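Asks: build the 3D model from these lines:
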Amino acid sequence: MNWRSIWRAFTRNFGWKLGSLILSVSLWFAIVGEPELVSTHSAPILYKNLPPDLLIGAAATDSVRLELRGPASKLTAGNLSDVAVVLDLSSIGGPGERTFTLSDNDFHLPQGVTFLRAIPSQLRLQFAHLEKKDVPIEVRIAQPPPSGYRVTSQTVTPNQMRIAGPEPRVEGTASAQTDAIDLSSVTQSSEFHVNTFISDPQVRLESSSLVTVKLTIERVGDTP
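Replies: A predicted model of the protein is given here:
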């Protein structure tokens, strides 16, 4: 083969060959030549398989910071948006304290990203029995009726509320309170629809908070 034949073979479809070479070099720099960085990412903590009769204490941490290593393009907020720590609580048998040490088994990272450490590296959780009970409704009066009138009786429907929460907090809750009712301009028996409130933030209502309060208001000195 003479040099002319070699040159023709080399220059045939030269544009395509040049384009392929440029693309190959670009891909090499994108994959192999991309700088590797270390970054931190805040990840939420998710819990699975919590026994239905248990609750997690209110002081539980809701997120951790993960220190990660990988190519710059893999450490963007978009690529890490689905990263979350998932703790399996199926082994929790009852109330008490339990410590979890975080590792790369507790979450899934994008390909090419390596887990270095978590801050904090351990989570200590408190578990309590889920308790439920019925408590009476306490009617609150913001302002009494005008001078010369008084409240002679009251009824609340329903007269009890079912509450639920950690056992010690539920046992310490004696009642649910209505929103305060202003009677400063009320001179006759009236009906009010008001919400009820539980002061302990760890205790919740199991049903609607709305109740109906019927107040009998009479003039002072009238015979009931």
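Asks: contacts and neighbour counts: CA atoms only from here.
Replies: Fine.
Asks: what's the first helix or strand after the longest strand along the chain?
Replies: Assignment by DSSP state E gives strand 122-138 as the longest strand of the chain. Following strand 122-138 in sequence order, the next helix or strand is strand 141-143 (DSSP states H and E).
Asks: now the angle from the next helix or strand after that following strand to strand 122-138?
Replies: Moving toward the C-terminus from strand 141-143, the next helix or strand (DSSP H and E) is strand 149-157. Calculated by axes from the mean of the first three to the mean of the last three CA atoms, to 10 degrees, strand 149-157 forms an angle of 120 degrees with strand 122-138.
Asks: strand partners of strand 149-157, parallel vs antiparallel please.
Replies: Sheet pairing of strand 149-157 (DSSP bridges) gives strand 210-219 (antiparallel).
Asks: in the partner strand, which residues are buried?
Replies: Residues of strand 210-219 classed as buried by neighbour count (16 or more other CA atoms under 10 Å): 211, 212, 213, 214, 215, 217, 218, 219.
Asks: avg pLDDT for that strand?
Replies: Averaging pLDDT along strand 210-219 yields 96.
Asks: which residues sit against that strand?
Replies: Here strand 210-219 makes contact (CA atoms under 8 Å, 6 or more residues apart in numbering) with 139, 145, 148-158, 187-196.
Asks: restrict it to CA atoms and write it as PDB.
Replies: Provided in PDB are the C-alpha atoms of strand 210-219 (Å, rounded to 0.1, in the frame of the first residue of the first chain):
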ATOM      1  CA  LEU A 210     -65.600  20.800  68.200                       C
ATOM      2  CA  VAL A 211     -68.200  20.600  71.000                       C
ATOM      3  CA  THR A 212     -71.500  22.300  71.700                       C
ATOM      4  CA  VAL A 213     -71.900  24.200  74.900                       C
ATOM      5  CA  LYS A 214     -75.400  25.100  76.100                       C
ATOM      6  CA  LEU A 215     -75.500  27.800  78.900                       C
ATOM      7  CA  THR A 216     -78.600  28.700  80.800                       C
ATOM      8  CA  ILE A 217     -78.400  32.400  81.700                       C
ATOM      9  CA  GLU A 218     -80.900  34.000  84.100                       C
ATOM     10  CA  ARG A 219     -81.500  37.300  85.700                       C
END
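Asks: mind checking how far it is from the chain centre?
Replies: On the basis of CA atoms, centre = their mean, to the nearest Å, strand 210-219 sits 39 Å off its chain's mean C-alpha point.
Asks: can you check stretch 130-147 too?
Replies: In terms of CA atoms, centre = their mean, the centre of stretch 130-147 is set 30 Å apart from its chain centre.
Asks: and stretch 57-75, by the same measure?
Replies: With CA atoms, centre = their mean, you get 16 Å for stretch 57-75.
Asks: and it, which residues are buried?
Replies: 64, 65, 66, 67, 68, 69, 70, 71, 74, 75.
Asks: number of residues surrounding the spatially closest residue to the second one that is not a sequence neighbour?
Replies: Here the nearest residue to residue 65 in space, its sequence neighbours aside, is residue 42; by CA to CA, 6 or more residues apart in numbering that works out to 4.4 Å. Here the neighbour count serves as a burial measure; for residue 42 (other CA atoms under 10 Å) it reads 16.
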